[in-house]
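Q: 3D, please:
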Amino acid sequence: MLRFARESLAIASAEMHKLVRDPTEMFSRAIQPVLWLAIFGQVFSRVRGIPTGNLNYLDYMAPGILAQSILFSAIFYGIAVIWERDLGIVHKLLVTPAHRSALIGGKALAAGLRGLVQAIVVYGVAVILKVNIRWEFLPILTAAAGVFIGSGVFSTFSLLIASIVKTRERFMGIGQVLTMPLFFASNAIYPLELMPDWLKSIAIFNPLTYLVDVLRGSMIVGGVSTFPVITSFGVMGLVFLILLALASKIYPGLAR
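A: All right, here's what the predicted structure looks like:
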């Protein structure tokens with residue numbers, strides 16, 4: 001376990017050095033949540049057609065947009081691995097003593113840290129738009145933990161896809177096909193109660209639903225979680241472990 005942690009931290013450190021050298025990616029990823037909150041959120045706050053309890057719609061959707069930014073960023077994380085394969089970096093990693101799960105775990109850890117940076121950006125935009133943010137220590141810690149593990153889940157899913165398809169063109173196509181259904185089949189911009197039964201059944205098995213639920217209960221004043229926090233973290237943790245095991249098995253296939 002100690003070896004796994006040490007190797008994962010080494011991989012994560014290398015990944016974060018890339019971000020430090022080229023922070024423009026994080027700024028470009030911040031544009032989409034800004035547009036959703038500043039335009040979509042402002043407009044739909046006037047419609048009042050979606051039941052959000054005691055919350056105005058902008059407050060209600062802010063956690064969903066944070067979760068969306070995490071999803072959209074992490075789901076395309078795998079394309080960097082395909083680039084690394086084409087450059088020969090993956091081949092070099094595979095001949096090191098590091099366990100395959102540590103290679104995946106390190107990238108998931110780096111994705112979690114990137115997710116925290118995005119969360120800071122979204123929090124900043126939310127403050128500017130006068131979203132009622134909770135500033136107590138425990139809710140902020142809970143939201144940060146949700147962002148971290150949610151980023152790990154979707155980045156590992158992305159790495160799994162990249163290990164299977166092996167080409168950038170196929171990966172981009174599959175990534176675009178998956179992101180919007182995952183987003184709309186969740187409680188990010190409307191409550192589960194509004195969904196038809198078939199869509200609600202899908203949403204229950206969607207890890208993004210549990211990420212949004214954690215964020216809505218911890219990020220917003222008056223926000224209420226549908227599921228117990230321990231249930232949401234348990235589901236995301238279980239999905240992450242399953243994806244980690246699968247991606248660790250398939251990851252060497254990138255080198256072929």
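Q: can you give me the strands in the stretch 1-150 of the chain?
A: Shown for the stretch 1-150 of the chain, no strands are assigned by DSSP state E, counting those that start in this stretch.
Q: my error: substitute the stretch 151-256 of the chain in the last question.
A: In the stretch 151-256 of the chain, no segments count as strands under DSSP E, counting those that start in this stretch.
Q: okay, now the unreliable bits of it?
A: 251-256 (pLDDT under 70).
Q: please repeat the previous calculation with a cut-off of 50.
A: Along the stretch 151-256 of the chain, the model assigns pLDDT under 50 to residues 254-256.
Q: now the helices for it?
A: 168-184, 197-204, 207-219, 229-250 (DSSP state H, counting those that start in this stretch).
Q: who's in contact with the first one?
A: Outside of helix 168-184, the residues that reach it under the criterion C-beta atoms under 8 Å, 6 or more residues apart in numbering are 68, 71-72, 75-76, 78-79, 82-83, 158, 161-162, 165, 206, 208. (Each C-beta comes from the backbone N, C-alpha and C, glycine too.)
Q: if we use 7 Å, what do you get?
A: Applying C-beta atoms under 7 Å, 6 or more residues apart in numbering, the contact partners of helix 168-184 are 68, 71-72, 75-76, 78-79, 82, 161-162, 165, 206, 208.
Q: got the angle for that helix vs helix 197-204?
A: Using axes from the mean of the first three to the mean of the last three C-alpha atoms, to 10 degrees, the direction of helix 168-184 lies 110 degrees away from that of helix 197-204.
Q: buried set for helix 168-184?
A: 171, 174, 175, 178, 179, 182, 183, 184 (16 or more other C-beta atoms under 10 Å).
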